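Undergrad: Task: produce atomic coordinates for the following.
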Amino acid sequence: MAPFIPKRSGVGVVEIFGSIHGGSQAVEQVRLLDIVHKARHMKALVVDIDSPGGAVSGSEVLYSRLERIARDKPVVAFVRGMGASGAYYISCATHQIVAL
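TA: Numbering: from 1, shown residues only. The predicted structure is shown next:
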């Protein structure tokens, strides 16, 4: 997962593609979300999702982190393909869900 964080736009984009796993993958995604949360120049976050879901532990960690970010910044989930199970769960922590 590689974040696309345009400096001039003020909007951070974090991708969540493929199965959601616990462990090191979740830790890496949380680290990226923390960067966006702490960055003062990022005024909003778009979570780009294409995932069938996955592990409960990883989904819960991502949900709680997105919920925390949503208290301070606007957060939108963009579901470009599949957004099932745990992927839908994490998108419920955002202010708005946009799906194709």
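Undergrad: all contacts plus neighbour counts: C-alpha atoms, from now on.
TA: Will do.
Undergrad: Which elements pack onto the least confident helix or strand in the chain by mean pLDDT?
TA: Least confident helix or strand, the chain: helix 24-38 with a mean of 88, by mean pLDDT, DSSP states H and E. The criterion is 3 or more Cα pairs under 8 Å, 6 or more residues apart in numbering; DSSP states H and E, and the helices and strands that helix 24-38 contacts are strand 11-17, helix 56-70.
Undergrad: Poorly predicted segments of this structure, please.
TA: Where the chain drops to pLDDT under 70, the residues are 1-8.
Undergrad: what sits against the most centrally placed residue in the chain?
TA: If you average the C-alpha coordinates of the chain and look for the closest C-alpha using Cα atoms, centre = their mean, you land on residue 47, 4.1 Å from that point. By Cα atoms under 8 Å, 6 or more residues apart in numbering, the contact list for residue 47 reads 13-16, 75-78, 91.
Undergrad: Ok, residue 45 next?
TA: By Cα under 8 Å, 6+ apart, the contact list for residue 45 reads 11-14, 36, 73-76.
Undergrad: what's the spacing between it and residue 75?
TA: Residue 45 sits 5 Å away from residue 75, taking Cα to Cα, to the nearest Å as the criterion.
Undergrad: Over to residue 52?
TA: For residue 52, the distance to residue 75 under the criterion Cα to Cα works out to 21 Å.
Undergrad: Of the two, which one has the most company?
TA: Under the criterion of other Cα atoms under 10 Å, the comparison of residue 52 against residue 75 puts residue 75 first, with 25 against 17.
Undergrad: residue contacts, that one?
TA: 44-47, 66, 69, 94-96.
Undergrad: Show the buried residues in the residues you listed.
TA: When burial is judged by neighbour count using 16 or more other Cα atoms under 10 Å, the buried members of those are 44-47, 66, 69, 94.
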